[in-house]
Each structure stands twice: as structure tokens, then as C-alpha cells.
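Q: Quick one, fold the following:
(2 chains)
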Amino acid sequence: MDCGTALKSMISKADGLLPRAEEAELAAHLAGCPACAAEDAAISATGPVLRALTGIRATEKAPALDAMRTRVRAGIEESREARRRTSWIARWAWIPAAVALAVSALLFYPSGTDRSPFHPTSFDVSVEDVESDVATVALVDKGEDLPRVIWIIEDAKT
Amino acid sequence: MPRLDPRGRAGAPALVQRAATLLFLLLLLLLAAVPSVAADTVAVDVGSIYASNDGTSIDPALGTIRGKLHSMFNYTSYRMLDRKRLSLSVGEAGEFELPGRRTMRATPLPSRGNKVRLSIQISEGQRSLLTTTLGLRRGGMVLVGGPPHQSGVLILIISAE
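A: Modelled structure (predicted):
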């Protein structure tokens, strides 16, 4: 095995892809080639070094990650609180709306269609003047408890 | 990572809040307007009653006036043909269509206190059947009757509030 083939085998070994049959051949080459042995040692150490480095970086970034997590949580809480406040308003908003509609209906309901029974509070009526072009008009007063009547007597008809 | 914006979720309810506030203000305006409208206007209510001796039915819509009609007139049947209520300002004439192609024009006149003065004109075509000026208490009533209608007569119940 030459050094070039040994380097490929070293990389395959580090990746766990070196066939078992070639392991002995690579070991024999490494035993007789100090340069390749040093290279193999360096390649084998790459994995642990990378893992260690990642761990160090994660430790360094921990405060920043914590701060970001806190901001996200605060944002979520703020959003929930805003929804709670507005949902309370939405729940009771119909009351003034309903009252406004009721008052509007009372004020603007067509007044010419009243069918409620008559309930007069007074029959006290004064007739200031009365006249007719074609009829005789009689004023009838049958007492305070009864309404006054203006009776039109059409000469030709009544 | 983009920041969360709580206002984004609160947009629609905020609109509801604004609408509710607007309606509430509208309600206050309407309530403030009611007393002035009530003080300056007269609600004239005119019911057209067909009184006859055909049958013995009495329209329940006549309310407490039913017994009084019975004790005042010799008719056996009283039926309300039409009823109209108009809110009129002082000096504003309101026209009421009456059965038999007759019309009644009512005009509130200036008055004091709890009194209502009404100028009433009842016409049949070009003929003036009645011209009168009445003074009533608010809530008071007067009857105008006599014009023939079908086999009976027409009685108008005029009240003012």
C-alpha cells in the first residue's frame, strides 16, 4: 500500500467505512510509515476536537439564547394579554350597540301604524271656534267622564 | 428571528371597540335629543271608527273608550278602519287620509303649559265639513262624528300628546 492509498483508507476508517479486510493492510503501512501514522492520529482526533469546539461555542452563546427565549416568551404573553383584553370588550360591546338600536327603533319607527288601544288621560277640551260650509255642527257634552263630541250633521245626508 | 407583534392579533377586536364606542356616543346624542324633540312637538293620533248597527262587534283596539262609545251613541258595532299618528311641530300641518275620500288636516298652534291647541280642518273633496280650533290637555281626547259612511257613520277619535 502506498501513502496515497493509505490516506484514503485513513479517511474511510475515520468515517467508519473502511472494510475490515483493509484494516490490517493499513495498520501494516502505518507501522512502517511514521508520516502516515502521524496523519492518521491527526485525522482520528478531528471528531473529538470538533465536538469539543461545538460545546465551547454553545456555552459561549448560552446567555444570548436565554435572552432570545425570554423575549419570545414575553412576546407570547403580551399577545395573549392583548387578546384577553380585546375579547372582554368584544363580549360586552353588544350592550351599548343593542341599546342604541333600541332607542333608534323607538325614535324612527314609523309612527303612522300605531295599533295600541286608546287610553285617554283627559276629556277636558275647549272648542275655541267651529264652522262648516255645508253642515250643521253640534257640540255634545255628556259630562266630565265622557269625551266631548263635535257632531257634523250634513243637511242633505243626515 | 422576527419579533412577535401582539397588535397584529388585536386589530379586529380593536375595530369592534371603536364601533362600540361610536354607538355609545350615538346613543348619548339620541338621548340628549329626545327631550327637546318631545317638548317642541305634538303627537296627533287620529283613529277612524265605523259605527253602525250591523252586528254587535266592538274593536278591541278601541281600549278603554269602548264602554264610553256604547254609553254615548246608539250604535251596536264599532270598528276601527284606520289609525294614524303624526308628530308635528307647532305650525306644521299634518294630513290624515280618512275613509270616504275625506281628509283631515291638523296643525298644532302655540300654547302654554300642558295644553295643546290644534287647528282642525276636515274636508270632503272641495267641501269643508268642519273647521275648528281645539284646546286639549296633553293626553286628552275629543270625538268628531257624523259623516255618513256605508250604512253607519264615521267617528274620529282625535287625541294629542
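
Q: Residue in chain B with the shortest distance to chain A?
A: For chain B and chain A, the shortest gap (C-beta to the nearest C-beta) falls at residue B:63, measuring 2.5 Å. C-beta: built from backbone N, CA, C; applies to glycine.

Q: is stretch B:124-141 anywhere near chain A?
A: Yes. Judged by C-beta under 8 Å from any C-beta of the partner chain, stretch B:124-141 comes into contact with chain A through B:127-141.

Q: Phi, psi for the residue most central in space within chain B please.
A: Geometric centre of chain B, nearest residue: residue B:85, 2.0 Å, by C-alpha atoms, centre = their mean. When read as degrees, to the nearest 10, the backbone of residue B:85 gives phi -130, psi 130.

Q: Show me the domain layout of the chain.
A: No chain was given, so I picked chain A. A:3-92, A:122-158 (automatic domain parsing).

Q: I was after chain B.
A: B:6-37, B:40-160.

Q: Residue A:19 is nearest to which of those domains?
A: For the domains of chain B, the distance to residue A:19 is smallest for domain B:6-37, at 58.7 Å, taking C-beta to C-beta.

Q: which other residues reach stretch A:128-148?
A: A:120, A:123-125, A:127, A:149-155, A:158, B:65, B:68, B:71-72, B:117, B:127-135, B:141-143, B:146 (C-beta atoms under 8 Å, 6 or more residues apart in numbering or on different chains).

Q: low-scoring pLDDT stretches of the chain, where are they?
A: Went with chain A since none was named. Along chain A, the model assigns pLDDT under 70 to residues A:107-116, A:155-158.

Q: think we crossed wires, I meant chain B
A: Short version for chain B, where the test is pLDDT under 70: B:1-17, B:19-20, B:27-39.

Q: hmm, try it at 50
A: Counting by pLDDT under 50, the low-confidence segments of chain B come to B:1-10, B:35-38.

Q: OK, contacts around the residue of chain A found nearest chain B?
A: Chain B sits closest to residue A:117 of chain A, with a gap of 2.5 Å, by C-beta to the nearest C-beta. Counting by C-beta under 8 Å, 6+ apart, residue A:117 makes contact with B:60, B:61, B:62, B:63, B:64, B:65.

Q: Helices along chain B, start to end?
A: Taking DSSP state H to define them, one finds helices in chain B at B:6-9, B:11-40, B:65-72.

Q: Nearest residue to the middle of chain A?
A: Geometric middle of chain A (C-alpha atoms, centre = their mean) lands on residue A:83, at 6.7 Å.

Q: that older thread, arrange the contacts of residue A:117 in JSON lines, one row each, with neighbour count as further columns.
A: As requested, these are exported to JSON lines (neighbours: other C-beta atoms under 10 Å in any protein chain shown):
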{"residue": "B:60", "neighbour count": "10"}
{"residue": "B:61", "neighbour count": "18"}
{"residue": "B:62", "neighbour count": "19"}
{"residue": "B:63", "neighbour count": "15"}
{"residue": "B:64", "neighbour count": "10"}
{"residue": "B:65", "neighbour count": "24"}
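
Q: longest helix of chain A?
A: In chain A, assigned by DSSP H, the helix with the most residues is helix A:34-92.

Q: Distance from that helix to the middle of the chain?
A: 28 Å (C-alpha atoms, centre = their mean, to the nearest Å).

Q: ditto for stretch B:112-128
A: 15 Å.

Q: outside of it, which residues touch it?
A: Contacts for stretch B:112-128 (C-beta under 8 Å, 6+ apart): A:128, A:132-134, A:152, B:42, B:44, B:98, B:100-111, B:129-138, B:140, B:144, B:147, B:156, B:158, B:160-161.

Q: List buried residues within these.
A: A:132, A:152, B:42, B:44, B:98, B:102, B:104, B:106-108, B:129-132, B:134-138, B:140, B:144, B:147, B:156, B:158, B:160-161 (16 or more other C-beta atoms under 10 Å in any protein chain shown).
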